[in-house]
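S.K.: pasting a predicted model and its sequence here:
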Amino acid sequence: MPYNQLNARDIERLEAIVGKEHVLIGDAIHEDFTHDEMMEYGCFSPDAVVQAMTAGQVSQIMKLAYERELPVTPRGSGTGLCGGCVAISGGILLSLAGMNQILEFDEENLTVTIEPGVLLMDLAAAAIERGLLYPPDPGEKSATVGGNVMTNAGGMRAVKYGVTREYVRGMTVVLPNGDIARFGGKVAKNSSGYDLKNLLIGSEGTLAIVTELILKLVPLPPHSLSLLVPFATLASCIETVPKIIMSRVVPTAIEFMERDVIEASERYLGHTFPDKTSNAYLLLTFDGHSQAELEAAYRKVADICLENGAIDVFISDTEERQDSIWKARGAFLEAINTSTPSMDECDVVVPRNRIADYVKSVAGVQKKFNLRIPSFGHAGDGNLHVYLCKDDATDEIWEHKRQAIMEIMYETAKMMGGQVSGEHGIGHAKIRYLEESVDEASLALMHGIKQVFDPKNILNPGKVVRLQPENTL
Ligand SMILES: Cc1cc2nc3c(=O)[nH]c(=O)nc-3n(C[C@H](O)[C@H](O)[C@H](O)COP(=O)(O)OP(=O)(O)OC[C@H]3O[C@@H](n4cnc5c(N)ncnc54)[C@H](O)[C@@H]3O)c2cc1C
């Protein structure tokens, strides 16, 4: 074994740090802790689940793990999609979910300071109560904000507001040896040496554990509406997106979806979508500080859609109608998941002007391999979510087709100037594709960075980059 095994003395020491009730072992470890939302990537039992409540406890846990050379896997809500929060090497699964306090709204600096286990939905609601907006809006609202930061989560509003990275001003972290460090702060600008805060964002808990975050907020735009735009074909639907971008109007969100995904969502939610007579749809949202600004923007985009083959433009201007459409959109992943015994996902991002080409290539792959491959996603930022569905294929055929299709999809994205993951991250499931997509010099730098932060390779080993020793898959 490359790591030491957790022993009875380690358990006693962990119980002394966090209290007996916050150390789970054996049958007390719920099955949920063995996987994230992609069970396809395997289930792995940690030796202990430890629930930390303070940064001081996290520091003591890491000091113990460092001394004893025990692997530690940080975990938020476990809603990840690439096996990032799963203890593939055993050891300690360190839950940050209990550190869930919103510590301070600073309305002079437009910042909020939180613990990492605050849920996205709770932060969003608390900001809105104060007339403020925390813009990042990934689909899974029960994710922790710490998990969002560690995956640099994207989501629906990225077209206008950007991704999680843009809203992190500062953070407190515990390093693998237990030391505590602070990166950034409440400041709006920072040119003070290497930007360690930005290095940590999206590092998937492989470099340090986040114990506090300072996040940027913006004034809440009082007006918003959504457009649902049906098209006869997926091609005309997607080809309209770069034309919208070229018009200089900036919608808050531009999502695309196909009829079969909408139908799956209806079956899953038991809730009727406003229209499903067409093959493909764009769903757009606009927000603004005046009704006039909003109207000018959506009318221009509606005209562009109609000039480019849209069959109609449905306006949703009440909160209730908008909620009903976005609720259906939010359920796509679960709806596809429940429609098939097994699935694999690809979260590539390509330049926005190549998204139509990429969607066409997925359609070609679907035909060639005769496997159902529904897709939907963030058309406005070039980030597609493509799902390979096993359906009634045998295990052998599924495995063969899955491997072959994934190779093609990542290779195609690379050829188009894209990246392996737009927002879900690498975890342990996508390491191979990351290694194939970056050049040797970049990979060597990534390995070097991991070694500087974590010389004993105890923090979330086998994720993002592969070092030895570890139990890689
Ligand atoms: C239905 C559904 C829809 C989704 N939609 C989106 C979407 O639109 N956009 C998007 O980006 N993602 C989406 N996701 C993926 C997922 O919700 C995000 O990756 C989210 O950021 C994970 O947060 P979490 O709290 O569940 O983290 P976890 O899954 O628990 O962990 C994710 C990673 O962060 C690390 N980590 C967690 N907390 C800490 C911490 N405090 N310190 C250090 N490391 C930590 C873990 O080790 C792991 O590597 C979706 C998932 C589902 C199930």
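M.R.: All right, it came through fine.
S.K.: helices of the stretch 301-450 of the chain, start to end?
M.R.: For the stretch 301-450 of the chain, applying DSSP state H, counting those that start in this stretch gives helices covering 319-330, 332-338, 355-369, 395-415, 431-437, 440-453.
S.K.: how far out from the middle of the chain is the second one?
M.R.: Mean C-alpha position of helix 332-338 versus that of the full chain (Cα atoms, centre = their mean, to the nearest Å) differs by 16 Å.
S.K.: do the same with stretch 375-382
M.R.: Averaging C-alpha positions (Cα atoms, centre = their mean) puts stretch 375-382 14 Å from its chain's average.
S.K.: contacts for it next, please.
M.R.: Residues outside stretch 375-382 that contact it (Cβ atoms under 8 Å, 6 or more residues apart in numbering) are 154-156, 158-159, 238, 241, 244-245, 251, 253-258, 261, 282, 329, 332, 349-352, 354-355, 359, 362, 383-387, 418, 422-423. Backbone N, C-alpha and C define where each C-beta goes, glycine included.
S.K.: gap between Arg13 and the ligand?
M.R.: 21 Å (Cβ to the nearest ligand atom, to the nearest Å).
S.K.: give the buried residues for whichever strand or helix holds that residue.
M.R.: For Arg13, the element it lies in under DSSP states H and E is helix 8-18. Within helix 8-18, the residues that count as buried by 16 or more other Cβ atoms under 10 Å are Asp10, Ile11, Arg13, Leu14, Glu15, Ile17, Val18.
S.K.: now do stretch 267-276: distance from first to last residue.
M.R.: Terminal residues of stretch 267-276 lie 13 Å apart, using Cα to Cα, to the nearest Å.
S.K.: pLDDT averaged over it - what is it?
M.R.: Averaged over stretch 267-276, pLDDT sits at 87.
S.K.: anything in it near the ligand?
M.R.: No - Stretch 267-276 lies apart from the ligand when judged by Cβ under 6 Å from any ligand atom; the minimum separation is 11.0 Å.
S.K.: mind listing what's buried in that stretch?
M.R.: Neighbour counts over stretch 267-276 (16+ other Cβ under 10 Å) mark Tyr268, Leu269, Phe273, Asp275, Lys276 as buried.
S.K.: repeat that for stretch 40-58.
M.R.: Within stretch 40-58, the residues that count as buried by 16+ other Cβ under 10 Å are 40-41, 44, 46-53, 55, 57-58.
S.K.: next one: stretch 398-411
M.R.: For stretch 398-411, a neighbour-count test (16+ other Cβ under 10 Å) marks Trp398, Lys401, Arg402, Ile405, Met406, Ile408, Met409, Tyr410 as buried.
S.K.: now stretch 111-128
M.R.: Within stretch 111-128, the residues scored as buried using 16+ other Cβ under 10 Å are 111-120, 122-124, 126-127.
S.K.: where's Ile304 relative to the ligand, distance?
M.R.: Taken as Cβ to the nearest ligand atom, the span from Ile304 to the ligand is 25 Å.
S.K.: nope, Ser95 is what I meant
M.R.: According to Cβ to the nearest ligand atom, Ser95 stands 8 Å off from the ligand.
S.K.: so Val261 sits right up against Leu333, yeah?
M.R.: No - with contacts counted by Cβ atoms under 8 Å, Val261 stays clear of Leu333, the gap being 9.7 Å.
S.K.: with neighbour numbers in mind, choose between these two.
M.R.: The neighbour comparison of Val261 against Leu333 (other Cβ atoms under 10 Å) goes to Val261, with 25 against 20.
S.K.: returning to that earlier point: of all the buried residues of stretch 267-276, which two lie farthest apart?
M.R.: Within the buried residues of stretch 267-276, two members stand farthest from each other by Cβ to Cβ: Tyr268 and Asp275, at 17.9 Å.
S.K.: which bits of the stretch 1-150 of the chain sit near the ligand?
M.R.: Selection of the stretch 1-150 of the chain residues close to the ligand by Cβ under 6 Å from any ligand atom yields 36-37, 73-81, 84-85, 96, 116, 138-140, 143-144, 146-148, 150.
S.K.: rerun at 5 Å
M.R.: Residues of the stretch 1-150 of the chain found near the ligand (Cβ under 5 Å from any ligand atom) are 37, 74-81, 84-85, 96, 116, 138-140, 143-144, 146-148, 150.
S.K.: pick the one among the buried residues of helix 8-18 closest to the ligand.
M.R.: Closest approach to the ligand among the buried residues of helix 8-18 (Cβ to the nearest ligand atom): Val18, at 15.2 Å.
S.K.: not counting sequence-adjacent ones, nearest residue to that closest one?
M.R.: Spatially, and ignoring its direct neighbours in sequence, Val18 is nearest to Gln57 (5.3 Å; Cβ to Cβ, 6 or more residues apart in numbering).
S.K.: could you point out which element follows the helix or strand harbouring that neighbour?
M.R.: Using DSSP H and E, Gln57 maps to helix 55-68. Where DSSP H and E defines the elements, the next helix or strand beyond helix 55-68 is strand 72-75.
S.K.: summarise which helices and strands that next one is packed against.
M.R.: With contacts defined as 3 or more Cβ pairs under 8 Å, 6 or more residues apart in numbering; DSSP states H and E, strand 72-75 has these neighbours: helix 55-68, strand 92-95.
S.K.: quick revisit: buried set for the helix holding Gln57?
M.R.: Those would be Ala55, Gln57, Val58, Ser59, Gln60, Ile61, Met62, Lys63, Leu64, Ala65, Tyr66, Arg68, for helix 55-68 by 16+ other Cβ under 10 Å.
S.K.: nearest to the ligand among those residues?
M.R.: Nearest to the ligand among those, counting by Cβ to the nearest ligand atom, is Val58 at 8.5 Å.
S.K.: was I right to think the closest one contacts Ile209?
M.R.: Yes - under the criterion of Cβ under 8 Å, Val58 makes contact with Ile209 at 5.5 Å.
S.K.: pretty sure Gly418 contacts Val349?
M.R.: Yes - here Gly418 reaches Val349: they are 5.6 Å apart, a contact under Cβ under 8 Å.
S.K.: that older thread, of the buried residues of stretch 111-128, which belong to strands?
M.R.: Among the buried residues of stretch 111-128, the residues falling in strands (DSSP state E) are Thr111, Val112, Thr113, Ile114.
S.K.: and Val229, bridged to which residues?
M.R.: Under DSSP bridges, the beta-bridge partners of Val229 are Leu282.
S.K.: and the closest residue to Asn109 other than its chain neighbours, what is it in contact with?
M.R.: Closest residue to Asn109 apart from its sequence neighbours, by Cβ to Cβ, 6+ apart: Lys186 at 4.8 Å. Taking Cβ under 8 Å, 6+ apart, we find Lys186 in contact with Asp106, Asn109, Thr111, Arg169, Gly170, Ile214.
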